[in-house]
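[1] Could you work out the structure for the sequence below:
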Amino acid sequence: MTDIHLREDSSGSSSPRTKKTPTTSNIPLTFTYTPSDDGTDENLLILLHGLGDTHVPFAKLGRSLNLPQTAVLSLRAPEQIPFLYEQAYQWYTSFDLLGELIDRPNPTPALNVMSAVLTHLTKDCAWPPNRIHLFGFAQGGSVAVESALAWWRQELVGVKMQPKIEAAEKQREEASEKAEEIQSPRALGSITTISGPLLSYPTLDTPCPTPLLIFHRGTLAKGTFTAFSKAFTRVQEIVKSGGKQGQGEESMPRSKDEWEPVMRFWSKVLGRRMGERLYEVMTGTGTV
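    Numbers count the residues shown, from 1 in each chain. Next comes the predicted model:
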């Protein structure tokens, strides 16, 4: 899919070069975690599958992407779809008692689970929020964007509630710097949603600065991009052929050409550690 070119970078990182492995006792979901192949866990890519799937194929996808300095965490949705004997999971209740899709589903259970996951990753595993990147397909894409917004809202509330720092006159300048650092809300690194719209109406006084990439085949409802633009300050939309408007035909990127804008997006948002042989994602001739 891509060629990986070595380059030097001047950006630094204060987090550990290798991160602690997430634990099953703190993540209430079945998951697969793979550290970075190059031994430097600078970024974490969290993969969220679509309705009726599991985390297994997405874990394989994450490994095949082979993104530099990037660990991969593939999560399985918490609920098995009722009355199906196969391994098919949903992030939130998606069908009514007659087996029809619910028009306005409630994603709150999934968002609560994702909040627990992000808290564990940032507090226990030493992942800076701006090094955590979400990638979701369809229902998983909706959970990704809603989770990022929920995280951002929580950060904004935390800043408002942060007490002022008092210090002696000789420590005033240092205390001021610490206060500024503590009171800055921390956004996640990036979001890529494949055919996954917002499920809620965005009502934010301060839109989320997390870069967002929307990939779809023209199947998203009218006004979807406008809703995203109200919620996020940096939104990029990629529309590829292959879908039928109004018929909900969704699929993952299928070819080098379709993956190229996603890889370019990641090349801009993924962090790179200073002082080591670092990598830049560039488009090339390989395939997944």
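
[2] Where do the strands of this protein begin and end?
    2-7, 31-34, 43-48, 70-75, 79-80, 89-90, 132-137, 190-194, 212-216, 235-239, 278-283 (DSSP state E).

[3] In TSV, list those strands along with mean neighbour count and distance to G271.
    C-beta here means a position set from N, CA and C on the backbone, and glycine is covered the same way. As requested, the strands of the chain are exported to TSV (neighbours: other Cβ atoms under 10 Å; distance: least, Cβ to Cβ, whole Å):
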stretch	mean neighbour count	distance to G271
strand 2-7	13	14
strand 31-34	17	18
strand 43-48	26	5
strand 70-75	26	9
strand 79-80	15	33
strand 89-90	22	30
strand 132-137	26	9
strand 190-194	26	10
strand 212-216	23	17
strand 235-239	16	19
strand 278-283	18	10
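
[4] among these, which is nearest V145?
    With distances scored as Cβ to Cβ, the stretch of these nearest to V145 is strand 190-194 (5.4 Å).

[5] Report the angle between that closest one and strand 235-239.
    Between strand 190-194 and strand 235-239, the angle comes out at 30 degrees (axes from the mean of the first three to the mean of the last three Cα atoms, to 10 degrees).

[6] Note down every partner strand of strand 190-194 and its orientation.
    Paired with strand 190-194 in the same sheet, following DSSP bridges, are strand 132-137 (parallel), strand 212-216 (parallel).

[7] by how many degrees do it and strand 43-48 diverge?
    Counting by the same axes, to 10 degrees, strand 190-194 lies at 30 degrees to strand 43-48.

[8] gap between strand 190-194 and the chain center?
    6 Å (Cα atoms, centre = their mean, to the nearest Å).

[9] Repeat that for stretch 24-38.
    In this view, stretch 24-38 has its centroid 15 Å away from the chain centroid, taken as Cα atoms, centre = their mean.

[10] Give the buried residues for it.
    Within stretch 24-38, the residues that qualify as buried are I27, L29, F31, T32, Y33, T34, S36, D38, counting by 16 or more other Cβ atoms under 10 Å.

[11] low-scoring pLDDT stretches of the protein, where are they?
    For the chain, applying pLDDT under 70 flags the ranges 1-13, 160-183, 242-249, 275-288.

[12] Show me which pair in the buried residues of stretch 24-38 is furthest apart.
    The distance between the two most remote of these (Cβ to Cβ) is 26.6 Å, for L29 and D38.

[13] Looking at the strands paired with strand 190-194, spot the one closest to P253.
    Of all the strands paired with strand 190-194, strand 212-216 comes closest under Cβ to Cβ, at 6.6 Å.

[14] can you list contacts of that closest one?
    145, 148, 190-195, 220, 224-225, 228, 232, 234-240, 243, 250, 253, 258, 261-262, 265 (Cβ atoms under 8 Å, 6 or more residues apart in numbering).

[15] 7 Å instead, please
    Defining contact as Cβ atoms under 7 Å, 6 or more residues apart in numbering, one finds that strand 212-216 is touched by 145, 191-195, 225, 228, 232, 234-239, 253, 262, 265.

[16] Stretch 132-145 too?
    For stretch 132-145, contacts defined as Cβ under 7 Å, 6+ apart pick out 43-51, 90-91, 107, 110, 114, 121, 147-148, 188-199, 212, 250, 252, 269.

[17] Next: stretch 73-80.
    Applying Cβ under 7 Å, 6+ apart, the set of residues contacting stretch 73-80 is 22, 29-33, 44, 46-49, 54-55, 58-59, 62, 88-91, 93, 109-110, 113, 117.
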